[in-house]
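**Student:** compute the structure for the input listed below.
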Amino acid sequence: MIRTCVWGVIDKSKGFARLRGSPKEATRPLLEAFDAKLASLVFDPATGHATSNTAEEAAVGLVGRMGGVIAGPITRDATGLAEFIGIEDVHWDVKSPMSPRTDQHWTFDAGHQVEVVRKNIGEGESILLNLSRCTEEDARNVVTLIRRALSREELQFLYVLLPIVAVGGVRESSSSANNHPLLNH
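**Tutor:** Predicted coordinates:
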């Protein structure tokens, strides 16, 4: 299933806020450039493999780059401590939790996702949280718990890719991705 998603930030007082600005039009040259760059980011030098997981990480990283969330070009992190290195040596980690399918017998733990994000931010990483594989309810629960649990300082290192159905009537951020404190340090 293909879902339309938007990038945003989590504000302590106002919740999820879409980043201002619209996505680039998907022209043929843009798609060709995306495809070429994606192919270069799928291989993970830290593991020596290209898998469906590294392909998803590459796609999320590249969509973040093309959407203005990540400033400058990105490359794969060879150490395995993060997925990508951006300009000014910013380490980006991609987190893509998934809700269980109806035929699976486990429960999604939004609290665990919050702790994983907090741990990685504490280790000096910036996070691209991809909630596109979560149900609307699970995605909203993660956003709500993050808003409550993380400090304003921690939230500066987090961008969320949220399915548009889970966004609902949230406001659009008064700033663009390029005005986020993380990109202006």
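
**Student:** in three-state terms, label the most centrally placed residue in the chain for me.
**Tutor:** When Cα atoms, centre = their mean is applied to the chain, the residue found nearest the centroid is residue 128 (2.5 Å). Secondary structure, DSSP: H, G, I helix; E, B strand; the rest coil: residue 128 is strand.

**Student:** ok, it touching residue 90?
**Tutor:** No: using Cβ atoms under 8 Å, residue 128 makes no contact with residue 90, being 11.3 Å away. For glycine as for every other residue, the C-beta is placed from the backbone atoms N, C-alpha and C.

**Student:** which neighbours do these two have in common?
**Tutor:** Both residue 128 and residue 90 are contacted by residue 70, under the criterion Cβ atoms under 8 Å, 6 or more residues apart in numbering.

**Student:** the helices in the protein, which residues?
**Tutor:** Here the chain has its helices, by DSSP state H, at 28-42, 52-66, 110-122, 136-149, 152-155, 164-167.

**Student:** contacts for the first one next, please.
**Tutor:** If you take Cβ under 8 Å, 6+ apart as the criterion, helix 28-42 is touched by 24, 50, 54-55, 57-59, 61-62, 66, 74-76, 84.

**Student:** and if we set it to 6 Å?
**Tutor:** For helix 28-42, the surrounding residues in contact (Cβ atoms under 6 Å, 6 or more residues apart in numbering) are 50, 54, 55, 58, 62.

**Student:** can you name the two of those residues that sit furthest apart?
**Tutor:** 50 and 62 (14.5 Å; Cβ to Cβ).
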